[in-house]
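K.L.:
here is a sequence with its predicted model. Questions after.
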Amino acid sequence: MYLARIDGTLTSTIKHEALNGLRFLIAQRIEGDGSESGEPQVLVDMLGARVGSLVLVTTDNEAIRKATKNTTPVRLAVMGIVDSVYPELGIAV
């Protein structure tokens, strides 16, 4: 799992049928010191994250399969929306 900032949305007119009804978001991974890491990624969202939100991302396909009760071909998904960050713990986001 890691933190990411939601930078936008993505629209797909044709997709795997197991993905119908799921939202796609464009996110940038954020390191513990607040710096960006790597290229932007596409996440699946079922929680309603908005542009600018800080989210917790899972890389475990099994988590999304259990949540949707199907064989969704997804690797990255929003598993939580972050309310607070505690800099005293070394996270300067």
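P.N.:
Received it, and whenever you're ready, just let me know what you need. In this text the structure is predicted, and so the values were computed from the model without any measurement.
K.L.:
going forward, measure contacts between C-alpha atoms and count neighbours the same way
P.N.:
Noted.
K.L.:
quick one, strands of the chain?
P.N.:
Ranges of strands in the chain, per DSSP state E, are 2-10, 23-30, 36-45, 54-58, 77-81.
K.L.:
adding mean neighbour count, mean pLDDT and distance to residue 71, write those out as CSV.
P.N.:
What follows is the strands of the chain, written out as CSV (neighbours: other CA atoms under 10 Å; pLDDT from 0 to 100; distance: least, CA to CA, whole Å):
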stretch, mean neighbour count, mean pLDDT, distance to residue 71
strand 2-10, 18, 96, 21
strand 23-30, 20, 96, 16
strand 36-45, 15, 95, 14
strand 54-58, 21, 94, 16
strand 77-81, 21, 93, 14
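K.L.:
now those in a markdown table, with distance to residue 66?
P.N.:
A markdown table is the format used below for the strands of the chain (distance: least, CA to CA, whole Å):
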| stretch | distance to residue 66 |
| --- | --- |
| strand 2-10 | 20 |
| strand 23-30 | 17 |
| strand 36-45 | 14 |
| strand 54-58 | 13 |
| strand 77-81 | 12 |
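K.L.:
center of this protein, which residue is that?
P.N.:
Nearest to the geometric centre of the chain sits residue 78, at 3.4 Å (CA atoms, centre = their mean).
K.L.:
so who does that residue touch?
P.N.:
Each residue near residue 78 by CA atoms under 8 Å, 6 or more residues apart in numbering is listed here: 43, 44, 45, 46, 47, 49, 55, 56, 57, 58.
K.L.:
what's the closest non-adjacent residue to it?
P.N.:
residue 57 (4.7 Å; CA to CA, 6 or more residues apart in numbering).
K.L.:
also residue 6?
P.N.:
Here the residue nearest residue 6, using CA to CA, 6+ apart, is residue 27, at 4.4 Å.
K.L.:
show me the contacts for the one you found.
P.N.:
Residue 27 neighbours (CA under 8 Å, 6+ apart): 4, 5, 6, 7, 8, 40, 41, 42, 43.
K.L.:
repeat that for 7 Å
P.N.:
4, 5, 6, 7, 40, 41, 42, 43 (CA atoms under 7 Å, 6 or more residues apart in numbering).
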